[in-house]
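1. Got a sequence here, can you model it:
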Amino acid sequence: MSLLPETARRIDTLVAEAQSAGRTPSLAIGLVRDGALAHLATAGDTPRPDADLQYRLGSISKTMTATLVLQERDAGRLALDDPLDRHLPGTPVGGLTLRQLLGHASGLQREPVGSWWERAEGGDLSALLAGLHADKIAYPPHRWYHYSNLAYGLLGGVLERVSGTAWADLLRQRILEPLGMRRTTYAATEPFARGYVVHPWTDTLREEPRTDTGAMAPAGQLWSTVTDLARWAAFLADPTPDVLAPETLTEMCAPVVISDLESWTDGHGLGLELHRRGDRVYVGHGGSMPGYVAALVVHRPSRTAVVGFANSYGFRSGGIGGLALRLLDLVLDAEPVPPAPWRPAAPPPDEVAELAGRWWWMGVPMDVTWEAGELVAAVRGERVSRFAAEGPDRWRGRSGPENGEGLSVLRDGAGTAVALDIATFVFTRSPDEEP
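-> Okay, the predicted model is just below:
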């Protein structure tokens, strides 16, 4: 779905203004709709960006590491509430769980010991583990949010121990190749943008090193392009089941911890950052490495996303993440996704058709309809739950307030449906009947 010319013009203008005010050598922003790159906005010429030019992903790498962990969970090879010690035995932080590490709720400090890992050549897993000590836990788990790069180095180690495969190989086999992300690589691959620090007083450039971060790679090593990151954004909006079950990705988007307790506008799920903007919730992640910043924000219901890269450490005009959020707001406000067209349905079976209509519990109405092979129950027209058939006169909630709850159809001696029992709340055909 392409953008309207006026929307595209506004995006191009904002990107040009952000590059100029932000003093970044180059800036590339991609708009994703319905699984495809719908618009590319670029600014700057050091180098001149295009959709196939590599930049460094930074911490967006964590979203892929988290996906690998959830793949292993779905395959039954680990559980999210496993203590770290079950997979990396003998560490002084072994009581922390994988769920806490994924959601930055473990209390683990942000960085490993030694030099700043993002700018130094990294060691192997044994060296990372040797640097752990008990006081690396800054806060009791789940006391509050505390971002930890170290947590994702440890999760990468868990993946290698559980799978018997190096993290980079596992990533390539399980995610990059199936999704066609051929320009997402462990190390920079030409053509790629060199990364810089812009001098604050002279506007001159200092090129930054491109390090191999070793055991910390699962936290921020990867390189990618607008084209490939658009593919990843499309996956986060609407996952390929062969890579990750849709319900598992939805689980990743549920809050593990709220990072903004004053207004509840930000939080963290299982590897994904969460942002509430009015009535919308966006998922994604930011990224930075020496010389680079990156952004990924996705609105899953509309399958719309913004991805972006800049090749300077720091961004004077408010950050690439803030720019991505503003651009996503702009597109969704200017071009809301139209609703799917209504089409007449095939008639339900007779035993289901008689369930449609209004039911009552304690004077509270519930309207039941038949949609796309499921029962849809709306209490007072607001609390809407969908139920899938589980057996004769048995249904199971799959979304809404009754998600996971059972619905049983109660019949009289003549076989007529006279009540619906939803988790012991019995709805009858008349508001005057006793439940």
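
2. Please make it C-alpha for all contacts and neighbour counts, starting now.
-> Will do.

3. Low-confidence stretches in this structure?
-> Within the chain, the stretches with pLDDT under 70 are 113-119, 435.

4. try 80
-> Where the chain drops to pLDDT under 80, the residues are 1, 111-122, 134-143, 314-318, 381, 433-435.

5. which is the next helix or strand following the top helix by length along it?
-> Secondary structure of the chain per DSSP state H: the longest helix is helix 5-22. Where DSSP states H and E defines the elements, the next helix or strand beyond helix 5-22 is strand 26-33.

6. Neighbouring strands - and their directions - for that following strand?
-> Neighbouring strands of strand 26-33 in its sheet, by DSSP bridges, are strand 36-44 (antiparallel), strand 304-310 (antiparallel).

7. For the stretch 101-250 of the chain, which segments count as helices?
-> 125-130, 149-163, 167-171, 217-220, 226-237, 246-252 (DSSP state H, counting those that start in this stretch).

8. Near the residue nearest to Val418 when sequence neighbours are not counted, how many other residues are there?
-> In this structure, Val418 finds its nearest non-sequential neighbour in Arg411, 5.4 Å apart by CA to CA, 6 or more residues apart in numbering. Using other CA atoms under 10 Å, Arg411 has 13 other residues around it.

9. ditto for Asp124
-> The number of residues packed near Asp124 is 13, by other CA under 10 Å.

10. what's near enough to touch it?
-> Neighbouring residues of Asp124 by CA atoms under 8 Å, 6 or more residues apart in numbering: Gly214, Ala215.

11. ok, now the one 10 residues further on?
-> By CA under 8 Å, 6+ apart, the contact list for Ala134 reads Pro92, Val93.

12. what do you get for Leu96?
-> Residues near Leu96 by CA under 8 Å, 6+ apart: Pro83, Leu84, Asp85, Ser106, Pro141.

13. ok, and the closest non-adjacent residue to the last one?
-> Closest residue to Pro141 apart from its sequence neighbours, by CA to CA, 6+ apart: Ser106 at 4.4 Å.

14. Pretty sure the one you found sits against Asn149.
-> No. Look at Ser106 against Asn149 with CA atoms under 8 Å: they stay out of range, at 11.6 Å.

15. more neighbours, these two?
-> A count of neighbours by other CA under 10 Å puts Ser106 above the other of Ser106 and Asn149, at 28 against 23.

16. What sits closest to the most centrally placed residue in the chain if chain neighbours are left out?
-> Residue closest to the mean C-alpha point of the chain, counted by CA atoms, centre = their mean, is Leu272 at 4.1 Å. Excluding its sequence neighbours, the residue lying closest to Leu272 (CA to CA, 6+ apart) is Gly284, at 5.4 Å.

17. Just confirm that neighbour is within a helix.
-> No. Under DSSP: H, G, I helix; E, B strand; the rest coil, Gly284 sits outside any helix and is assigned strand.

18. picking that back up, out of the strands paired with strand 26-33, which one sits most buried?
-> Per-stretch averages of neighbours, counted by mean count of other CA atoms under 10 Å, single out strand 304-310 among the strands paired with strand 26-33, with a mean of 31.

19. Alpha carbons of that strand, as PDB, please.
-> Presented in PDB, the C-alpha positions along strand 304-310 are these (Å, rounded to 0.1, in the frame of the first residue of the first chain):
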ATOM      1  CA  THR A 304       2.100  -0.300   9.800                       C
ATOM      2  CA  ALA A 305       5.700   0.400  11.000                       C
ATOM      3  CA  VAL A 306       8.600   2.800  10.800                       C
ATOM      4  CA  VAL A 307      12.200   1.700  10.600                       C
ATOM      5  CA  GLY A 308      15.300   3.900  10.400                       C
ATOM      6  CA  PHE A 309      19.000   4.300  10.600                       C
ATOM      7  CA  ALA A 310      21.500   7.200  11.100                       C
END
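
20. And the next helix or strand past that strand?
-> If you walk from strand 304-310 toward the C-terminus, the next helix or strand you reach (DSSP H and E) is helix 320-334.

21. Take the contacts of Leu96 and lay them out in CSV including distance to Asp266.
-> Listed next are the contacts of Leu96 as CSV, based on distance: CA to CA, whole Å:
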residue, distance to Asp266
Pro83, 26
Leu84, 26
Asp85, 30
Ser106, 17
Pro141, 19
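
22. what two of those residues have the greatest distance between them?
-> Asp85 and Pro141 (15.3 Å; CA to CA).

23. Which helix or which strand is home to Trp370?
-> strand 364-371.

24. From the chain's centroid, how far away is that strand?
-> Remark: strand 364-371 is offset 32 Å from the chain centroid, using CA atoms, centre = their mean, to the nearest Å.

25. How is the protein divided into domains?
-> Listed by automatic domain parsing, the domain ranges of the chain are 5-334, 350-428.

26. on that earlier part again, the residue nearest to Val418 touches Leu420, doesn't it?
-> No. Here Arg411 does not reach Leu420: they are 9.0 Å apart, not a contact under CA under 8 Å.

27. could you measure the residue nearest to Ala166 when sequence neighbours are not counted against Ala378, distance?
-> Leaving out its chain neighbours, the residue that sits closest to Ala166 by CA to CA, 6+ apart is Glu160, at 5.3 Å. From Glu160 across to Ala378, the span is 46 Å (CA to CA, to the nearest Å).

28. Thanks a lot, see you next time.
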